[in-house]
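Sequence isn't available, so here's the structure alone:
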Ligand code: NAD
């Protein structure tokens with residue numbers, strides 16, 4: 001079988017980088033993407049470690065044109081996009097009346113609209129090869145709300161809806177689309193929120209983690225990166241072609257309540 005290719009947005013930090021390691025360990029060609037200044041070096045480091053072919057694109061997820069060009073670059077180099085992981089995301093926490101308009105626009109663009117533009121761009125390729133796996137890193141906030149996260153919760157609920165629609169449209173072509181809905185995973189995105197909340201509530205970062213972040217999880221620990229990666233790798237395989245349109249909670253029991 002030819003070497004498969006995965007395009008992972010936001011793969012130069014946090015969960016996306018963890019996912020990139022998991023695909024690299026299986027020998028996939030990887031198109032890395034992210035806005036970290038040293039993104040190119042991070043991507044090259046992973047590629048070197050696993051001896052895989054790779055590309056890095058600093059495409060800004062807010063630009064549909066840049067996203068389309070990134071897909072073209074991937075297809076021109078590797079001949080395909082077999083797996084698309086929509087992972088790039090940002091957060092902003094604020095009461096709705098103070099929520100900055102530009103933060104709303106950015107969160108909707110990066111956490112939701114980019115997944116639409118990328119799915120649209122990879123669709124003809126996946127359709128013609130009768131194989132495609134689209135995996136959206138949503139969040140438990142794709143299924144449940146928390147106060148002060150209006151844009152994030154709206155975007156994540158939106159991506160769960162997009163997931164279902166793409167699953168229906170992809171089924172005749174062996175294109176599956178699923179969303180993964182993690183509770184808290186300890187990454188730079190969460191670290192920044194912990195620091196902000198600790199300052200805002202005058203609490204230690206440790207107390208913020210257990211009493212604020214993990215309050216809604218029955219299991220009082222962060223979701224391991226390995227758990228998220230294992231689920232992504234399962235959904236990327238050929239076989240679970242009947243698992244599609246799902247929003248899978250990996251949430252330490254958050255959604256059991
Ligand atoms: P992170 O901050 O470590 O990584 C985010 C990635 O997105 C980075 O690589 C960054 O470069 C990229 N990105 C940000 N803005 C971009 C832009 N304009 N264009 C292109 N790329 C951009 O965060 P993370 O915690 O790894 O989050 C990854 C995804 O997982 C997000 O969608 C997030 O909502 C989701 N998620 C995270 C958690 C958690 O607890 N960390 C829980 C559930 C879901």
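Now that the structure is in, tell me what you want to look at. All of these numbers come straight from a predicted model, not from anything done at the bench.

contacts, neighbours, all on C-alpha from now
Noted.

can you list the residues of the stretch 1-150 of the chain near the ligand?
Residues of the stretch 1-150 of the chain lying close to the ligand by Cα under 6 Å from any ligand atom are 10-16, 34-36, 59-62, 87-90, 110-111, 137-139.

among those, which are in strands?
residue 137 (DSSP state E).

I'd like to know which of the residues of the stretch 1-150 of the chain next to the ligand are buried.
10-16, 34-35, 59-62, 87-89, 110-111, 137-139 (16 or more other Cα atoms under 10 Å).

pretty sure residue 198 contacts residue 209?
No. Counting by Cα atoms under 8 Å, residue 198 does not reach residue 209; the two are 9.1 Å apart.

quick revisit: the residues of the stretch 1-150 of the chain next to the ligand in helices, which ones?
14, 15, 16 (DSSP state H).

Output those residues in TSV; the columns should cover pLDDT.
Shown next, in TSV, are those (pLDDT from 0 to 100):
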residue	pLDDT
14	97
15	98
16	98
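
can you list the weak-confidence ranges in this structure?
Applying pLDDT under 70 to the chain flags no residue at all.

quick one, helices of it?
Under DSSP H, the chain gives helices at 14-25, 39-50, 64-78, 101-108, 114-128, 150-170, 188-201, 205-207, 225-236.

Determine if any part of the last one is in contact with the ligand.
No. Helix 225-236 stays out of contact with the ligand when judged by Cα under 6 Å from any ligand atom, the minimum separation being 9.1 Å.

what packs against that helix?
helix 14-25, strand 132-137, strand 175-182 (3 or more Cα pairs under 8 Å, 6 or more residues apart in numbering; DSSP states H and E).

try the first one
Of the remaining helices and strands, those touching helix 14-25 by 3+ Cα pairs under 8 Å, 6+ apart are strand 5-8, strand 29-33, helix 39-50, helix 225-236.

Quick one: residues in contact with the second one.
By Cα atoms under 8 Å, 6 or more residues apart in numbering, the surrounding residues in contact with strand 29-33 are 3-12, 20, 23-24, 39, 43, 52-59, 74, 78.

Taking the residues you listed, please make a ChimeraX selection of just the buried ones.
Of these, the buried ones go into a single ChimeraX selection, burial set by 16+ other Cα under 10 Å:
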select :4,5,6,7,8,9,10,11,12,20,23,24,39,43,52,53,54,55,56,57,58,59,74,78
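
Would you mind confirming that residue 135 makes contact with residue 179?
Yes. Using Cα under 8 Å, residue 135 is in contact with residue 179, at 5.8 Å.

which of the two has more neighbours?
The neighbour comparison of residue 135 against residue 179 (other Cα atoms under 10 Å) goes to residue 179, with 29 against 25.

Please identify the deepest-packed of the helices and strands packed on helix 14-25.
strand 29-33 (a mean of 28; mean count of other Cα atoms under 10 Å).

Can you tell me the strand partners of that strand and which way each runs?
According to DSSP bridges, strand 29-33 forms sheet pairs with strand 5-8 (parallel), strand 54-57 (parallel).

between those, which one is nearest to residue 153?
Of all these, strand 5-8 sits nearest to residue 153, with 21.7 Å by Cα to Cα.

Can you mark which positions in stretch 150-168 are buried?
Under 16+ other Cα under 10 Å, the buried positions of stretch 150-168 are 150-164, 166-167.

Nearest residue to the middle of this protein?
residue 87 (1.7 Å; Cα atoms, centre = their mean).

which residues touch that residue?
8, 9, 10, 11, 15, 16, 111, 136, 137, 138.

Near the closest residue to residue 75 other than its chain neighbours, how many other residues are there?
Nearest in space to residue 75, with sequence neighbours left out and distances taken as Cα to Cα, 6 or more residues apart in numbering, is residue 81 at 6.4 Å. Here the number of neighbours of residue 81 (other Cα under 10 Å) works out to 27.

ditto for residue 38
11.
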